[in-house]
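Visitor: show me the folded form of this:
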Amino acid sequence: LALAGVVFGFAEPLIHSAFLLPAALVGFGTYRVATRFCSQPLFASFAAVLTPAVLISASNVMSTITMLAFYVLALDLWLTGIERGRLGYLFLAAFAVSASALSQYFGASLVPLLLVYTALRLRKPGWWLAALAVPVVLLFMYELATRQLFGYGMFSEAGVYAQQFRGEEAQSFGVKLFIGTLFAGGCVWTALWCLPWLGWRVQLAAAVIAVLGAIVGWVSFQALTGSSVGEADALSRVSLTSHVSLFIAAALLLFGLASYDLYKTRSADSLLLFLWVAGTFVFAAVVNWTANGRSLLGMCPPAAILVVRALDRRGIWDAVRGRLAWAALVPMGALCLVLVYADYTLAGSARAAARYMADELPMGAGRKVYLGHWGFQYYMHERGMEHFDLLGTTVGPGDAIILPTNNMRQMEMPEVYGHQFAVSFPVFP
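Guide: Numbers count the residues shown, from 1 in each chain. Got it, this is the predicted structure:
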C-alpha cells in the first residue's frame with residue numbers, strides 16, 4: 001500500500017487498482033498449485049477466485065489478499081523445489097512465506113503446514129529444514145524490532161489481543177464453531193455450486209444437512225438477531241433460516257470432501273489439502289479475535305482444488321456435465337459481484353457520512369472532532385477534520401464529537417456531553 005501510494009499517489013482509484021495485482025497473483029498461484037493436484041487447474045483457479053471471501057477482499061485495500069498471493073506463490077515454489085530437488089526454490093519459497101506472514105500473520109501457518117507435508121513426503125531431514133527456518137528467524141527478528149520500537153512485539157501482541165477479546169466475548173467452544181461454520185459456508189461456497197455433479201449420495205447428504213441447518217436457524221433466530229421469532233416478520237425468519245441452511249450445508253460439504261479425499265488417497269498431497277482447510281477454519285473460528293471472511297480467505301484455494309479432485313473421481317470433464325460445471329462459474333461469479341457491489345455501497349456510506357459531517361452538520365461556533373477508523377477516518381482526514389485523541393484532545397462547550405456506530409469497540413458518549421442524535425445513511429441496494 002505504501003509503495004503504491006509513493007509511486008502512483010493515494011487517490012482512491014489508484015490505490016484500489018494497485019490491489020488488483022495481488023488479486024491476479026492469487027489466481028495465478030492457485031493455478032500453479034492446482035496443476036499438481038487435479039486435472040483442471042484453470043477451473044480450480046476460477047473457482048477459488050469467484051468466492052465472496054476473495055472478491056470482496058480483493059476489492060478493498062486490506063493486506064489479506066496480499067498475504068494470500070504470497071501464500072500460494074510460496075507453496076508453488078516449495079513444491080517445485082521438492083519435485084526438482086533444488087534448494088534455491090526452497091529458499092525463494094521461504095522468503096515468500098516470510099512476506100506472506102508479514103502481510104498478515106496467518107501467513108506463518110505455512111511453516112507447520114510445509115513441515116508436516118515435506119516430512120511425510122521425503123521421510124528424512126535435509127537442507128529443506130534450513131530453508132523452513134528462514135521465516136521463523138525473520139519473524140523472530142521482527143518481533144524483537146517491534147518490541148524495541150513500541151515496547152511490545154507486534155506478532156505476540158496479536159495473539160494476546162485475540163485471547164483478551166475472545167475472553168471478553170465469553171463464547172462457548174460450540175458457539176465459536178457454529179459461527180465459524182456459517183462464515184465458512186457463506187464465504188467459501190465452491191462445493192455448493194458444484195453439488196449437481198458430485199453424485200446422488202453427496203446430494204442427499206447435503207439436503208439432509210440443509211434441512212437440519214434450517215431447523216438450527218429457526219431455533220437460534222433470537223440468539224443470532226437479538227429479536228424473538230414472534231417479533232420478526234415472516235420474510236426475516238425465512239431469510240435467516242435459508243441462509244443458515246445453505247451456509248451450514250456448504251461448509252460441511254467442503255469439510256466432508258476434504259475428509260473423504262484424505263481417506264480415499266491417504267497421501268501427502270491429500271493431507272496437505274486437508275490440513276490447509278482444517279487449519280484455516282480452526283484459526284478463523286477459534287483462534288482469531290473474531291470470525292470474519294478475511295480470516296477464511298486462505299481456505300479458498302484448497303476448497304476449489306478439493307472440488308475439482310472430487311469431480312475428477314466422477315469423470316465428468318469429457319462429457320456434457322463438464323461443460324455445465326464450467327457454466328456454473330457464471331452465476332457464481334455474478335452473485336459474487338452483487339456482493340462486491342453491496343460492500344462497495346457500505347463503504348460509500350462512510351464517504352457520504354464524512355461529507356455530511358464536514359460540510360452540512362449544523363452546529364454553533366465550536367469545532368468538530370471525530371473518532372473511528374477505516375474508511376470513515378480516511379474521508380474525514382481528507383476533508384481536514386480533527387481526529388479525537390483520548391489522551392490529548394480536549395473539548396469544550398459547543399464542540400461536536402462524531403462517532404461512527406459501525407466501528408469495532410467504539411466508546412459511548414456519556415449523557416453529560418449534552419444533546420446527542422444519530423444520522424443514518426443508506427446502503428445497498
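Visitor: neighbouring contacts of stretch 11-24?
Guide: Contacts with stretch 11-24, where a contact means CB atoms under 8 Å, 6 or more residues apart in numbering, come from 1, 4-5, 8, 49, 54, 58-61, 65-66, 68-69. Every C-beta, even on glycine, is put in place using the N, C-alpha and C of the backbone.
Visitor: between those residues, which sits nearest Phe428?
Guide: The shortest gap between Phe428 and any of the contacts of stretch 11-24 belongs to Ser59, at 13.8 Å (CB to CB).
Visitor: quick one: contacts for the nearest residue to the closest one once chain neighbours are set aside?
Guide: The spatially closest residue to Ser59, leaving aside those adjacent along the chain, is Val340, at 5.1 Å (CB to CB, 6 or more residues apart in numbering). With contacts taken as CB under 8 Å, 6+ apart, Val340 has the following neighbours: 55-56, 59.
Visitor: give me the lowest-pLDDT entry from those residues.
Guide: Of all the contacts of Val340, Ser59 carries the smallest pLDDT score, 85.
Visitor: would you list every one of the strands in the stretch 251-400 of the chain?
Guide: 368-370, 386-387, 400-402 (DSSP state E, counting those that start in this stretch).
Visitor: what lines up beside the second one in the sheet?
Guide: Counting by DSSP bridges, the strands paired with strand 386-387 are strand 368-370 (parallel).
Visitor: again, but for the last one
Guide: Based on DSSP bridges, the strands next to strand 400-402 in the sheet, each with its direction, are strand 368-370 (parallel).
Visitor: check the offset of the partner strand from the chain's centre.
Guide: Using CA atoms, centre = their mean, to the nearest Å, the mean C-alpha position of strand 368-370 is found 32 Å from that of the whole chain.
Visitor: ok so, going back, tell me the one of the contacts of Val340 nearest Glu157?
Guide: Of all these, the one with the least separation from Glu157 (CB to CB) is Ile56, at 26.9 Å.
Visitor: which strand or helix spans the closest one?
Guide: When elements are defined using DSSP states H and E, Ile56 is found to belong to helix 52-58.
Visitor: tell me which residues are up against that helix.
Guide: In this structure, residues lying in contact with helix 52-58 by CB under 8 Å, 6+ apart are 19-20, 22-23, 26, 48-49, 64-65, 68, 186-189, 293-294, 296-297, 299-300, 336-337, 339-340, 343.
Visitor: same deal with stretch 28-36?
Guide: The contact list for stretch 28-36 (CB under 8 Å, 6+ apart) reads 40-42, 44-45, 48-49, 69, 71-73, 75-76, 79, 269, 300-301, 304-305, 308.
Visitor: which among those end up buried?
Guide: Neighbour-count burial within the contacts of stretch 28-36 applies to 40-41, 44-45, 48-49, 69, 71-73, 75-76, 79, 269, 300-301, 304-305, 308; the criterion is 16 or more other CB atoms under 10 Å.
Visitor: residue contacts, the residue nearest the centre of the chain?
Guide: Among the residues of the chain, Arg294 comes closest to the average C-alpha position under CA atoms, centre = their mean, at 1.6 Å. Going by CB under 8 Å, 6+ apart, Arg294 touches 53, 57, 62, 64.
Visitor: and those, which two are the farthest apart?
Guide: Ala53 and Met62 (11.8 Å).
Visitor: the more surrounded of those two?
Guide: The residue with the greater number of neighbours, taking Ala53 and Met62 and applying other CB atoms under 10 Å, is Ala53; the counts read 29 against 18.
Visitor: once you drop chain neighbours, what's closest to the more buried one?
Guide: Residue nearest to Ala53 in three dimensions, not counting chain neighbours: Cys187, with 3.9 Å by CB to CB, 6+ apart.
Visitor: ok, Val134 next?
Guide: On the basis of CB to CB, 6+ apart, the spatially nearest residue to Val134 that is not a chain neighbour turns out to be Ala94, at 3.7 Å.
Visitor: C-terminal to the helix or strand where that neighbour lies, what's the next element?
Guide: Using DSSP H and E, Ala94 sits in helix 87-103. Next along the chain after helix 87-103, taking DSSP H and E as the criterion, comes helix 110-122.
Visitor: okay, now the unreliable bits of the stretch 151-300 of the chain?
Guide: Per-residue confidence for the stretch 151-300 of the chain (pLDDT under 70) gives these ranges: 165-170, 218, 220-234.
Visitor: rerun that using 90 as the cut-off
Guide: Counting by pLDDT under 90, the low-confidence segments of the stretch 151-300 of the chain come to 151-182, 186, 189-250, 264-266, 284-295.
Visitor: quick one: the helices in it?
Guide: Assigned by DSSP state H, counting those that start in this stretch, the helices in the stretch 151-300 of the chain fall at 154-169, 173-187, 190-193, 200-219, 221-225, 234-265, 268-282, 300-314.
Visitor: ranking those by burial, who's on top?
Guide: helix 300-314 (a mean of 26; mean count of other CB atoms under 10 Å).
Visitor: now do that helix: which elements does it pack against?
Guide: Packed against helix 300-314, as judged by 3 or more CB pairs under 8 Å, 6 or more residues apart in numbering; DSSP states H and E, are the following elements: helix 20-34, helix 41-49, helix 64-84, helix 190-193, helix 234-265, helix 268-282, helix 320-327.
Visitor: mind checking the pLDDT average for the second one?
Guide: Same thing as helix 41-49. Taken as a whole, helix 41-49 has a mean pLDDT of 94.
Visitor: and if you look at the first one?
Guide: Per-residue confidence for helix 20-34 averages out to 92 on the pLDDT scale.
Visitor: in contact with the nearest residue to Ala133 once chain neighbours are set aside, which residues?
Guide: In this structure, Ala133 finds its nearest non-sequential neighbour in Ala94, 8.0 Å apart by CB to CB, 6+ apart. With CB under 8 Å, 6+ apart as the criterion, the residues that contact Ala94 are 74, 131-135.
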